[in-house]
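Q: Sequence and predicted model, in that order:
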Amino acid sequence: MYLPLSILVSTLILSGTLFFVGADVSKSMTGFVTAVQDSGLAAGSGSGNNAPSGDAGNAAPQAQPTPTPSPTIDMKTLADDDPVEGNANAPVTIIEFSDFQCPFCERFYTGTLSQIRKDYIDTGKVKLIYRDFPLNFHPEAQKAAEAAGCAEEQGKFWEYHDKIFQNQAALGVASEKQWAKDLGLDTAKFNQCLDSGSRNSEISKDLSDGQNAGISGTPTFFINGQKVVGAQPYSVFQQIIDAELAG
């Protein structure tokens, strides 16, 4: 028995349609699975951010170290025999540990020291003591500290101190010898002092005393025993000094 021609044609057309639709759906599903895997959203893959293994967000909390108590500061001992600017009997003492190549020390010199000098040192209320703390990653700091010490031997430490910070970018032995000449020092004596390294033991003592006082960076200050770290603005020093004067 033969099917009518029209029924046979209809059947063939329907079969072809289902074949092509099925192929498209299969292709679309394959693309969807591939996209999910690429996005990291497949089962067990985490958040989809491709985070590396060992993500710290899942690590157990670490025990915190026990804080080390701050050492007690004896200002008289810490002052040692280093250069003093101001009235020796001033009621407030600032001890500065500094590095001549340190950019933050230069910032303190440029932005804060002049105002402290004007308001407190020149008026007899504060004396400033400078101690060396040259950091080993500043290659010119050690020799600059020696040069300032050589100038101290000729009574011009503070003039030389200012000269260094005003010309910090030019640090070097040739410049340091020229600055001694500019300040009217005995250059033969200065050069011999600088070349011999005779100031090394004094600088080493400053470093040791600073470390024993808990110093690890520059500039660091002690204002009547209160520790101030960094190139703080004038207002920070003003507040502490005024409180000490009022007390």
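A: Cool, got the structure.
Q: in this protein, which spans are strands?
A: 84-85, 92-98, 126-132, 220-223, 226-229 (DSSP state E).
Q: in the protein, which ranges drop under the pLDDT threshold?
A: 1-71 (pLDDT under 70).
Q: Show me how it divides into domains.
A: As assigned by automatic domain parsing, the chain contains the domains 1-37, 75-246.
Q: Can you lay out those domains as CSV showing mean neighbour count?
A: Glycine gets a C-beta too; all of them are placed from N, C-alpha and C. Output for the domains of the chain, formatted as CSV (neighbours: other CB atoms under 10 Å):
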stretch, mean neighbour count
domain 1-37, 10
domain 75-246, 17
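Q: In space, what's closest to N191 - neighbours in sequence excluded?
A: K177 (5.7 Å; CB to CB, 6 or more residues apart in numbering).
Q: From Q239, how far out is the one you found?
A: Distance of K177 to Q239, computed by CB to CB, to the nearest Å: 41 Å.
Q: Also D81?
A: Distance from D81 to Q239, by CB to CB: 30 Å.
Q: swap in T187?
A: T187 sits 43 Å away from Q239, taking CB to CB as the criterion.
Q: what does N87 give?
A: N87 sits 21 Å away from Q239, going by CB to CB.
Q: and what of Q115?
A: Distance of Q115 to Q239, given as CB to CB: 13 Å.
Q: do the same with I129
A: Distance from I129 to Q239, by CB to CB: 20 Å.
Q: Also A144?
A: Taking CB to CB, one finds A144 at 31 Å from Q239.
Q: can you check A151 too?
A: To Q239, A151 is 33 Å away according to CB to CB.
Q: and what of Q168?
A: Applying CB to CB, the value for Q168 to Q239 is 28 Å.
Q: what does L128 give?
A: For L128, the distance to Q239 - CB to CB - is 17 Å.
Q: F137 too?
A: 32 Å.
Q: got it, and T112?
A: Applying CB to CB, the value for T112 to Q239 is 13 Å.
Q: Repeat that for G111.
A: As judged by CB to CB, G111 and Q239 stand 16 Å apart.
Q: got a list of what L183 touches?
A: The neighbourhood of L183, defined by CB atoms under 8 Å, 6 or more residues apart in numbering, consists of 151, 156, 159-160, 163.
Q: Please tabulate these in TSV and include distance to I223 as additional columns.
A: Shown next, in TSV, are those (distance: CB to CB, whole Å):
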residue	distance to I223
A151	26
K156	26
E159	24
Y160	24
K163	26
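Q: closest to S201 among those residues?
A: A151 (17.3 Å; CB to CB).
Q: got the contact list for that closest one?
A: Contacts for A151 were tallied using CB under 8 Å, 6+ apart; they are 157, 159-160, 180, 183, 185, 190.
Q: rerun at 7 Å
A: Counting by CB atoms under 7 Å, 6 or more residues apart in numbering, A151 touches 157, 160, 180, 185.
Q: For those residues, give me JSON lines that also has distance to T72.
A: Shown next, in JSON lines, are the contacts of A151 (distance: CB to CB, whole Å):
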{"residue": "F157", "distance to T72": "29"}
{"residue": "Y160", "distance to T72": "33"}
{"residue": "A180", "distance to T72": "39"}
{"residue": "L185", "distance to T72": "39"}
